[in-house]
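Enquirer: let me see the structure of the following:
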Amino acid sequence: MSLIRFGSQTLSSALLSLLVLLAAFLALRPRFVEGRLRIDDKYILTATEVQAVPKGTLPVVLGRDLGDTEREFKTQLLRLIMERSGVPFVFGLTAEDLSQDAAVDALASGKLIGVENPHSITVGAYGAGPIINARLRVIPIPLTGGVLGIRAGWTHEKRLSRLEAVRNLNDLRSITLLQGHGWSELDIFDAAGLRTYEAGTVDLFRLVHQQRVDLLPRGIAEIEDEQGGADRFSQAIVIDPHLLLTYPFAGFFYVSPENKKLADAIKRGFKKIKSDGSYQQLLESQVYTPWLRRNLNLKQRRVIFIPNPQARGVLDVVDSSDWIVPWGRLADGEITTGEQLCAFPGLTALCR
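Expert: Residues are numbered from 1 along each chain as shown. You can find the predicted model right below:
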């Protein structure tokens, strides 16, 4: 039987190539793929179900990013908040993954149901910024107390000696950082005069492996989930043990501008779990994991503060008591080592 040909390539070889590419994609993004398979339908709240919610009950529908499951920190945090809010509510995730742009548009519409908000999303968790803060109603309590602004990084083992020589922000400008397309860190790094390579998500580990960059900074709460992808790609990709990059940054819960009732409930519940200790307990169990404490080795790191020009105005609304990270002392240069950070109550658990 003859084979259909595309130029000099047979159909079978073309299919084989596609399978190889698919396998590589899955290897690089295992968390996303597994997340889609693992989510239980009982944690989904559909638009049809939202329409049936009794009067006086708040529908709390959290926007689901690609790969999110019910086990995400933000999901468990919001559920705990609502349980302490003192109002009747139903809780769930959107039936489908939503891009941030789509979710923000839906929330900004002010509609609970309909074509402008087909998934009936009522709340999202996003990194703070002037544009999103202007479009949505923000609950100005950082989801992780500023820990999102603490970054360690992936590197190639042959680059470790070069990173060991980096002592300050000026030294950091001599190496090449890597970030994904559209990531908010790009503007921060550019403003600080850092050399940053921008690439697609599926190319990040490849560029680290090829030593075309020196460091791929990631939030310390993200690197554990990425360890499997790094290992599958190359055993030479390792977590740099020397540097801790910090810059003022926070994620907030956002709701529709018209949804003051939900915003007030989230703020009230958030304050309660912070005062009764259950917030810190959740943070330590879900973010400060044994794996992270062991691999971060915070006490041994040099801390480099990077100014964030967008923080002023955007983060000024945060009450000082809601920060875990001591941004003022970092900005003033008083803190330059991980050991000094370990002395602050909200971060002590990272150093045990």
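Enquirer: distance of residue 273 from residue 116?
Expert: Residue 273 sits 32 Å away from residue 116, going by CB to CB, to the nearest Å. (Glycine included, C-beta is placed from N, CA and C.)
Enquirer: one more: residue 259?
Expert: Note on residue 259: its distance to residue 116, by CB to CB, is 14 Å.
Enquirer: and those two? which has more neighbours close in?
Expert: Counting neighbours by other CB atoms under 10 Å for residue 259 and for residue 116 shows that residue 259 has the greater number, 20 against 13.
Enquirer: tell me who's in contact with the more buried one.
Expert: Counting by CB atoms under 8 Å, 6 or more residues apart in numbering, residue 259 makes contact with 110, 122, 137.
Enquirer: in helices only, show me those residues.
Expert: Using DSSP state H, no member of the contacts of residue 259 falls in helices.
Enquirer: return the member of these nearest to residue 151.
Expert: Minimum distance to residue 151 across the contacts of residue 259 is 28.4 Å, recorded for residue 137 (CB to CB).
Enquirer: confidence score at that closest one?
Expert: For residue 137, the model assigns a pLDDT of 98.
Enquirer: for residue 192, same thing?
Expert: You'll see residue 192 listed with a pLDDT of 97.
Enquirer: how near is it to residue 58?
Expert: From residue 192 across to residue 58, the span is 41 Å (CB to CB).
Enquirer: picking up where we left off before, residue 49: which of the contacts of residue 259 is nearest?
Expert: residue 122 (12.4 Å).
Enquirer: surely residue 325 touches residue 247?
Expert: No. The criterion here is CB atoms under 8 Å, and residue 325 misses it with residue 247 at 10.0 Å.
Enquirer: could you tell me which residues touch both of the two?
Expert: Going by CB under 8 Å, 6+ apart, residues that sit against residue 325 and also against residue 247 are residue 149.
Enquirer: so which residues of the stretch 51-200 of the chain form strands?
Expert: Here the stretch 51-200 of the chain has its strands, by DSSP state E, counting those that start in this stretch, at 58-64, 89-97, 123-127, 137-139, 150-156, 176-180, 195-199.
Enquirer: can those go into JSON lines with extra columns for mean neighbour count?
Expert: Shown next, in JSON lines, are those (neighbours: other CB atoms under 10 Å):
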{"stretch": "strand 58-64", "mean neighbour count": "25"}
{"stretch": "strand 89-97", "mean neighbour count": "20"}
{"stretch": "strand 123-127", "mean neighbour count": "23"}
{"stretch": "strand 137-139", "mean neighbour count": "21"}
{"stretch": "strand 150-156", "mean neighbour count": "24"}
{"stretch": "strand 176-180", "mean neighbour count": "19"}
{"stretch": "strand 195-199", "mean neighbour count": "15"}
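Enquirer: residue 344 is nearest to which of the ones you listed?
Expert: Closest approach to residue 344 among these (CB to CB): strand 150-156, 11.6 Å.
Enquirer: helices and strands around the closest one, which ones?
Expert: Other elements packing on strand 150-156 under the criterion 3 or more CB pairs under 8 Å, 6 or more residues apart in numbering; DSSP states H and E are helix 204-209, strand 216-219, helix 223-233, strand 237-239, strand 243-246.
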